[in-house]
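**Q** give me coordinates for this.
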Amino acid sequence: MFNPEKLIRKHILDIPGYEPIFPVDVLSEQLGMSADQIIKLDANENPYSLPEQVKQALSDFSDIQIYPDPESRYLRQAISEYHNVPVSRIMVGAGADELIDLIMRALIDPGDFLFDCPPTFGMYKFDGDINNAEVISINRNKDFTIDIKKIIQKCQVQNPKLIFIASPNNPDGGLLSRDEFARLIELPLYIVLDEAYIDFAPNDTSFLKEYREYNNLIILRTFSKWAGLAGLRIGYGIFPEELAKHIWKIKQPYNISITASRAALAVLKEQEVFKQNCDRIIIERERLYKLLELIDWLSPYPSKANFILCKVQGRNALEIKNKLAERAIFIRRFDKPGLKDHLRISVGKPEDTDQIIHYLKEME
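**A** Next up, the predicted model:
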């Protein structure tokens, strides 16, 4: 009798599945309530609606029967002008997630080493496992800074091909320091800096401009967070040209839909509106942080992203999450090494902050 699992690659059989967050429409159906009754603060999404100019771009279905440009020329040119980066350095992906996978496909042979620094974004290990890499997790310090000494020591022994560093890091919102970057970039491997949340951080904290100086630096960005295009899946990266030319070979030819490309172009034309929304989120993040500090059993960590991580003390984090869910308020709970009894709260609108703080105080 035919056994389908016998033909599946063994390392795939052993990989645990990724646990995604449910979208609003699914939650709405499960709870039997309208979407506008739900406060969704569990996926670091942008709470602000798109301006009319972007909505108009999304409603344009002309040429939808034609395949999109496989090189995303217009969008890459717009990104080039936005960052003052040569077009040849820019690649666009279906979210930064696709680019993470493509980097590994280009570099990783089965058994090759790659480093990540948990607690951090789970897709680095997830894609590493899929690509049959030997993922070496170098745990962060208690304050969530990277253990730079251990990274350097491990590099001397295991010769990894690349390391992924998120700055700001998810889930704590901390930044990579200039000193840490200076020590990392001298290592003989690719440094992938994931700057998905950098638009919520101070202007001088990005390392994008350093692309000119180093041929082992990759910077990843996304339209999901600052621009609120998470549902369209569109991100981009600044790559060394020597690597980019090989990633072009393995990229799916039509990976970016016409709709996603048009929306991203419209965002870049109306970037001031989105920057204003980022400023609103930053202001609300600071207010949320101060209010969380007043709750005795929560210890929030300072964040430069659009979320705040909290250590729960003397309470059960899962119980807190579930009680909020009963009130249609959804946040993220962690219970793994380095994140035991932690909650992460995305920054929403002021009224969302008021609601969650009200219910958290009720639990005191």
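**Q** let me see the ranges of the strands in the stretch 251-364 of the chain.
**A** Counting by DSSP state E, counting those that start in this stretch, the stretch 251-364 of the chain has strands at residues 298-300, 307-312, 329-330, 332-334, 342-346.
**Q** and the pLDDT for the nearest residue to Ile219 once chain neighbours are set aside?
**A** Counting by CB to CB, 6 or more residues apart in numbering, Ile219 lies nearest to Ile238, which is 4.3 Å off, once chain neighbours are set aside. Quick note: C-beta positions are derived from backbone N, CA and C, even for glycine. Here the pLDDT value assigned to Ile238 is 98.
**Q** with the one 4 residues further on instead?
**A** What the model reports as pLDDT for Glu242 is 95.
**Q** for Val192, give me phi and psi.
**A** Main-chain dihedrals, Val192, degrees, to the nearest 10: phi -100, psi 110.
**Q** following the helix or strand where Tyr124 lies, which helix or strand comes up?
**A** Using DSSP states H and E, Tyr124 falls within helix 123-130. Once the chain leaves helix 123-130, the next helix or strand it forms, by DSSP H and E, is strand 134-137.
**Q** quick check: Glu210 vs Ile238, distance?
**A** Going from Glu210 to Ile238 by CB to CB, to the nearest Å gives 10 Å.
**Q** between these two, who's got more neighbours?
**A** Using other CB atoms under 10 Å, the more surrounded residue of Glu210 and Ile238 is Ile238, with 25 against 16.
**Q** and the lowest mean pLDDT element among the helices and strands of this protein?
**A** Within the chain, confidence by mean pLDDT, DSSP states H and E is lowest for helix 24-31 among all helices and strands, at a mean of 82.
**Q** report the buried residues of that helix.
**A** For helix 24-31, burial by neighbour count (16 or more other CB atoms under 10 Å) applies to 27-28.
**Q** residues making contact with that helix?
**A** Outside helix 24-31, the residues that touch it by CB atoms under 8 Å, 6 or more residues apart in numbering are 22, 34-35, 38, 40, 328, 330.
**Q** biggest separation within those residues, which pair?
**A** The distance between the two most remote of the contacts of helix 24-31 (CB to CB) is 15.7 Å, for Phe22 and Ser34.
**Q** which stretches of the stretch 51-200 of the chain have low pLDDT?
**A** Regions of the stretch 51-200 of the chain meeting the criterion pLDDT under 70 are absent.
**Q** what segments of it are helices?
**A** For the stretch 51-200 of the chain, applying DSSP state H, counting those that start in this stretch gives helices covering 52-58, 73-83, 95-107, 123-130, 148-158, 178-184.
**Q** which other helices and strands contact the last one?
**A** Applying 3 or more CB pairs under 8 Å, 6 or more residues apart in numbering; DSSP states H and E, we find helix 178-184 packed against helix 148-158.
**Q** mind giving me the domain ranges of the protein?
**A** Listed by automatic domain parsing, the domain ranges of the chain are 4-49+272-362, 52-269.
**Q** and the gap between the most centrally placed residue in the chain and Ile282?
**A** Centroid check for the chain by CA atoms, centre = their mean gives Ala196 as the closest residue, at 4.9 Å. Applying CB to CB, the value for Ala196 to Ile282 is 16 Å.
**Q** please apply the same query to His342.
**A** From His342 to Ile282 the distance is 22 Å (CB to CB).
**Q** quick check on the two: which one has the bigger neighbour count.
**A** His342 (21 against 18).
**Q** one step back: want to throw the contacts of helix 24-31 into TSV with pLDDT and secondary structure?
**A** Formatted as TSV, the contacts of helix 24-31 follow (pLDDT from 0 to 100; DSSP: H, G, I helix; E, B strand; the rest coil):
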residue	pLDDT	secondary structure
Phe22	80	coil
Ser34	84	coil
Ala35	82	helix
Ile38	90	coil
Lys40	96	strand
Ala328	94	coil
Phe330	96	strand
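**Q** so among these, which ones count as buried?
**A** Buried subset of the contacts of helix 24-31 (neighbour count, 16+ other CB under 10 Å): 38, 40, 328, 330.
**Q** nearest to Leu298, of those residues?
**A** Phe330 (17.2 Å).
**Q** show me the contacts for the closest one.
**A** Taking CB under 8 Å, 6+ apart as the criterion, Phe330 is in contact with 27, 38-42, 324.
**Q** who does it bridge with?
**A** Going by DSSP bridges, Phe330 is paired in beta bridges with Lys40.
**Q** would you mind measuring from it to Leu339?
**A** 18 Å.
**Q** the spatially closest residue to Asp199 that is not a sequence neighbour: what's it in contact with?
**A** Nearest non-adjacent residue to Asp199, counting by CB to CB, 6+ apart: Trp226, 3.7 Å away. Shown in contact with Trp226 (CB under 8 Å, 6+ apart): 46, 199-200, 274-275, 277-278.
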